[in-house]
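>>> can't give you the sequence, but here's the structure:
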């Protein structure tokens, strides 16, 4: 029983990372119909940004501050990833709007280029990010150990989602983003600068991927291809959840995250992938548009 | 105020409009009539900028706007109420109205503008917190017009605003059109297929047929029988 519960908890924290990744994808796909295969590399950017912060803190700053480097690394990885995302959008992706298949190939190319750049800078082997000592160990509840790192990841995701929810639903820029997602032409006719909203949405999604990368450094070593492990699953979350709403993405991410960790524990990693995919395919037979979708009318 | 000359427009290879000239003055209601498929909606979409013209020019207050994006035109004072209304159905009525203010670049007293709008459409005030999609067709149409008016337009483009709407609300919309033109000096382009409801609130009319303007004139000097030939199917 206790093993099952701790697996469930691991699933919860995996799900929360998936959620951060998938939210960015959902924003870009919902907003501009671009399938961004380079999204995984924005995770990598966030992870390496954390790695660099760790190096800076251990080399140049007094040791007493090292315990807190992670709290600086979170916003830094958000900012670096969103800046690179912004450049990508301005430089390449804006030419691919409403061409999902072209965007898929082009962004895949971008992802290879970004991986190679990372290899040139940081070397091909994985690097380990040293977590502050206080993150080791865990919280003991009813004989179950909940690792602090995973608790931190979970908390981080919840905070991010709360902030994103607030941003999208309570601010005027959020309202603009939602309007453009729902009906681009009408939003434009009302005077909303859709180009600005696109760049903003893309940078926001990239930044969320950066935070996901930052949290991945707590779970294991990172390398140039770290993003590719997560991108497919993240796309599954988006498809399962449906385009255009936070709610579907949240349910999809935790569903897939929990299902895969629990199944993995009983049947092994490969079987887990097969079973999860089969479940998703079956689900989409029943609900082709995903759990929730705003876009029902746009499709007919 | 709005001046269109030699406009040629359409979709991909299909030309829908050719050599169209049109002028709208401040405070005048101009209706665009024509059979189904005559190009009325195409004309409106070209004026707001959703369609790029193949040829010809569009002038707005003596400034050429032929190649500008819809969002720029909206900011310059052109409001648009599309066919099918296109309100944001999962946003509340209030949020829909707030989005209408996007076109206004200068600081304005929003509550005051909203008060004015609620005077024209009292029903919206009671429904502020409801989702746009929960409104009836007539209420959605009122919301769409209200949203466009929130943007403080100098010109309002209305694409079949009375289509499929109960008679009492049709009357109300006609009253609003006349009122905003005479009291606020807003120019209105009204696309209609029914000549009677168009003439009930217009100053001038244009009839589109065979890709171009076949008849135009001042409503009060025109006998409906004389132009009916262009509209009967």
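Received the coordinates, thanks. Model, not experiment: these values are computed from the prediction.
>>> what does the longest helix seen in chain B rub up against?
For chain B, the helix with the greatest residue count under DSSP state H is helix B:167-184. The list of residues contacting helix B:167-184 from outside it, by CB atoms under 8 Å, 6 or more residues apart in numbering or on different chains, reads B:27-29, B:120-121, B:138, B:141-142, B:145, B:149, B:156, B:158, B:161-162, B:165, B:186-188, B:190, B:197, B:200-201, B:203. All C-beta atoms are positioned from the backbone trio N, CA, C, and that covers glycine.
>>> C-terminal to it, what's the next element?
strand B:187-191 (DSSP states H and E).
>>> So what's the gap between the longest helix of chain B and the chain middle?
13 Å (CA atoms, centre = their mean, to the nearest Å).
>>> returning to that earlier point: filter the contacts of helix B:167-184 down to just the buried residues.
B:27-29, B:120-121, B:138, B:141-142, B:145, B:149, B:156, B:158, B:161-162, B:165, B:186-188, B:190, B:197, B:200-201, B:203 (16 or more other CB atoms under 10 Å in any protein chain shown).
>>> taking those residues one by one, which sit in strands?
With strands identified by DSSP state E, the entries of the buried ones among the contacts of helix B:167-184 that belong to them are B:29, B:156, B:158, B:187-188, B:190.
>>> how about those in a markdown table, adding distance to residue B:112?
Supplementary listing: those in a markdown table, determined by distance: CB to CB, whole Å:
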| residue | distance to residue B:112 |
| --- | --- |
| B:29 | 25 |
| B:156 | 19 |
| B:158 | 24 |
| B:187 | 22 |
| B:188 | 22 |
| B:190 | 27 |
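>>> Let me have the residues you listed in CSV, adding distance to residue B:77 and pLDDT as columns.
Conversion of these to CSV gives the following (distance: CB to CB, whole Å; pLDDT from 0 to 100):
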residue, distance to residue B:77, pLDDT
B:29, 17, 96
B:156, 10, 97
B:158, 15, 96
B:187, 10, 96
B:188, 13, 96
B:190, 17, 96
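>>> Would you mind trimming those residues to those in range of chain A?
When CB under 8 Å from any CB of the partner chain is taken as the criterion, no member of these contacts chain A.
>>> Just name the closest of these to residue A:236, please.
Nearest to residue A:236, judged by CB to CB, of those is residue B:158 at 44.8 Å.
>>> Make sure the closest one is actually in contact with residue B:82.
No. Between residue B:158 and residue B:82 there is no contact under CB atoms under 8 Å: 9.2 Å.
>>> ranges for the strands of chain B?
According to DSSP E, chain B carries its strands in the segments B:2-11, B:14-24, B:29-34, B:55-60, B:63-64, B:78-81, B:155-159, B:187-191, B:204-209, B:212-218.
>>> for chain A, same thing?
Along chain A, the segments classed as strands by DSSP E run A:138-141, A:144-147.
>>> Would you give the sheet partners of the first one, along with the direction of each?
The reference is to strand A:138-141. Listed by DSSP bridges, the sheet partners of strand A:138-141 and their directions read strand A:144-147 (antiparallel).
>>> got the contact list for the partner strand?
Where contact means CB under 8 Å, 6+ apart, the residues beyond strand A:144-147 that reach it are A:2, A:5-6, A:9, A:137-140.
>>> List, one by one, the residues from chain A near chain B.
Residues of chain A lying near chain B (CB under 8 Å from any CB): A:172, A:175-176, A:178-179, A:182-183, A:185-194, A:294, A:297.
>>> In helices only, show me the residues you listed.
Here DSSP H is the test, and those give A:172, A:175-176, A:178-179, A:182, A:185-189, A:194, A:297 as lying in helices.
>>> Now rank those by neighbours and give me the top one.
Per-residue neighbour counts (other CB atoms under 10 Å in any protein chain shown) across those peak at residue A:189, which has 29 neighbours.
>>> residues contacting residue A:45?
When the contact criterion is CB under 8 Å, 6+ apart, the partners of residue A:45 are A:77, A:80-81, A:84, A:114, A:209-210, A:213.
>>> What about the residues you listed, which are in helices?
Residues of the contacts of residue A:45 located in helices (DSSP H): A:77, A:80-81, A:84, A:114, A:209-210, A:213.
>>> Of those, grab the buried ones for ChimeraX.
Selecting the buried subset of those in ChimeraX, with 16+ other CB under 10 Å as the burial test, is done by:
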select /A:77,80,81,84,114,209,210,213
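>>> Quick one, grab the pLDDT at the residue of the stretch 151-300 of chain A found nearest chain B.
Relative to chain B, the nearest point of the stretch 151-300 of chain A is residue A:191 (3.3 Å; CB to the nearest CB). In this model, residue A:191 is scored at 95, pLDDT.
>>> Distance of it relative to residue B:152?
As judged by CB to CB, to the nearest Å, residue A:191 and residue B:152 stand 10 Å apart.
>>> list residues touching both of those two?
Contacts common to residue A:191 and residue B:152, judged by CB under 8 Å, 6+ apart, are B:103-104.
>>> what's the distance between the residue of the stretch 1-150 of chain A at minimum distance from chain B and residue A:231?
The shortest separation between the stretch 1-150 of chain A and chain B is 12.6 Å, found at residue A:30 (distances taken as CB to the nearest CB). Relative to residue A:231, residue A:30 is positioned 17 Å away (CB to CB).
>>> can you check residue A:208 too?
Summarising the geometry, the distance separating residue A:208 from residue A:231, computed by CB to CB, is 14 Å.
>>> neighbour count winner among these two?
It is residue A:208, of residue A:208 and residue A:231, that has more neighbours when counted by other CB under 10 Å, with 31 against 23.
>>> Tell me who's in contact with the closest residue to the more buried one other than its chain neighbours.
Once its chain neighbours are removed from consideration, residue A:208 has its nearest residue in residue A:24; the separation is 4.3 Å (CB to CB, 6 or more residues apart in numbering or on different chains). Contact partners of residue A:24, counting by CB under 8 Å, 6+ apart, are A:39, A:42, A:204-209.
>>> Mind doing that once more with 10 Å?
If you count contacts by CB atoms under 10 Å, 6 or more residues apart in numbering or on different chains, residue A:24 has them with A:36, A:39, A:42-43, A:81-82, A:85, A:164, A:201-212, A:234, A:238, A:249.
>>> Residue A:254 - how many residues pack around it?
Neighbours of residue A:254 (other CB under 10 Å): 19.
>>> Now it: closest residue in space that isn't a chain neighbour?
Using CB to CB, 6+ apart and skipping the chain neighbours, the partner closest in space to residue A:254 is residue A:15 (4.0 Å).
>>> cool, and residue B:227?
Sequence neighbours aside, residue B:215 is the residue nearest to residue B:227 in space, at 5.4 Å (criterion: CB to CB, 6+ apart).
>>> Verify the stated contact: the one you found with residue B:230.
Yes. With contacts counted by CB atoms under 10 Å, residue B:215 reaches residue B:230, the gap being 6.0 Å.
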